[in-house]
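Colleague: I need the structure of the sequence given here:
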Amino acid sequence: MKLLYREILMVMKIYLREKQQIFWVFVVPLLLLLILGFTMNNSNDMQYSMGVVDRDGFELNYVDFLMPGLIGFSLLFTSLSSMAGSLVYARQQRILRRLTVTPLPKSVFISSWIIFLYVVIILMALFLIMVSRLVFDVQMKGGILSVLVVLTVGSLTFLAFGVALGARIRKIKTATSISQILLISITFLSGVFFPLHMLPGFLEFLVEFIPLTHFINAMRAVFNYGSPLSSIWYELSVLFAWMVACFLIALKTFCWN
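Modeller: Numbering: from 1, shown residues only. Sure, this is the predicted structure:
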């Protein structure tokens, strides 16, 4: 445990040196929240076309609808850039290769990144929720425990996805290009910024295969409507299945050299 704790501290020092990482993880979601919130939240047209009505007839304004999607977007970006990107960078700089001749277990190295980035994701989500409450009076209908459960399952799922993605890529430019393509396409198809029913019909079948879709659906259920965890068992099961699959792929394909 002491070794893991020291490695987490080392990861934190490395992460805090990269100012761009902090900017993308915290500042960009904040700017999106403020820009979209002030632009669309008071628009009657947008509220009519993008407002969401649940099965009980409860209508959401745009910022209420946006918040779970924005948390999901930030989670995905952190996993792709910070998790996958950091592994590829360490491989390209031969850091991973040097680890093979040190007493540091490889599992501790990867676990330290997962634990640290999980904390970053939790802080990011709490930061967005606090700002949305202060600026737009967004109300979190569900309990904080339910929100944390969904956020934890989603975080571990996408961090596992990041490990699997960075398992064999050797060049940081390649990892960046792949991450950008995945970020844009997954965000577009997962209902981050608009309801899924607005997608073209031929794309709807793809939605069920995207883990971010299920995370956002689960988060909106507990965050916007206060639904119990038992009502989102399917979404949590899909995320858990993705998590296990990604970790198995990473274990099978991970390359240290």
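
Colleague: okay, CA-based contacts and neighbour counts for the rest of this
Modeller: Noted.

Colleague: all strands of the stretch 151-257 of the chain, in order?
Modeller: Here the stretch 151-257 of the chain has no strands by DSSP state E, counting those that start in this stretch.

Colleague: low-confidence ranges, the stretch 51-200 of the chain, go.
Modeller: Scanning the stretch 51-200 of the chain for pLDDT under 70 picks out 51-59.

Colleague: mind running it again at 50?
Modeller: Across the stretch 51-200 of the chain, the ranges flagged by pLDDT under 50 are 51-55.

Colleague: show me where it has helices.
Modeller: Here the stretch 51-200 of the chain has its helices, by DSSP state H, counting those that start in this stretch, at 62-77, 85-92, 95-99, 106-136, 144-165, 172-189.

Colleague: any chance of the ones you listed in a markdown table, plus mean neighbour count and distance to Gly226?
Modeller: Output for the helices of the stretch 51-200 of the chain, formatted as a markdown table (neighbours: other CA atoms under 10 Å; distance: least, CA to CA, whole Å):
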| stretch | mean neighbour count | distance to Gly226 |
| --- | --- | --- |
| helix 62-77 | 25 | 13 |
| helix 85-92 | 23 | 35 |
| helix 95-99 | 15 | 44 |
| helix 106-136 | 17 | 15 |
| helix 144-165 | 22 | 9 |
| helix 172-189 | 16 | 24 |
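
Colleague: for the closest residue to Phe254 other than its chain neighbours, grab phi and psi.
Modeller: Nearest non-adjacent residue to Phe254, counting by CA to CA, 6 or more residues apart in numbering: Ala167, 4.2 Å away. Phi and psi for Ala167, reported as degrees, to the nearest 10, are phi -70, psi -40.

Colleague: for Ala167, what are its contacts?
Modeller: Ala84, Leu87, Val88, Ala250, Thr253, Phe254, Cys255 (CA atoms under 8 Å, 6 or more residues apart in numbering).

Colleague: and for Ile8?
Modeller: Ile8 touches Ser112, Trp113, Ile115, Phe116, counting by CA under 8 Å, 6+ apart.

Colleague: what do you get if the cut-off is 10 Å, keeping everything else the same?
Modeller: By CA atoms under 10 Å, 6 or more residues apart in numbering, Ile8 lies in contact with Lys2, Ile14, Val108, Phe109, Ile110, Ser111, Ser112, Trp113, Ile114, Ile115, Phe116, Leu117.
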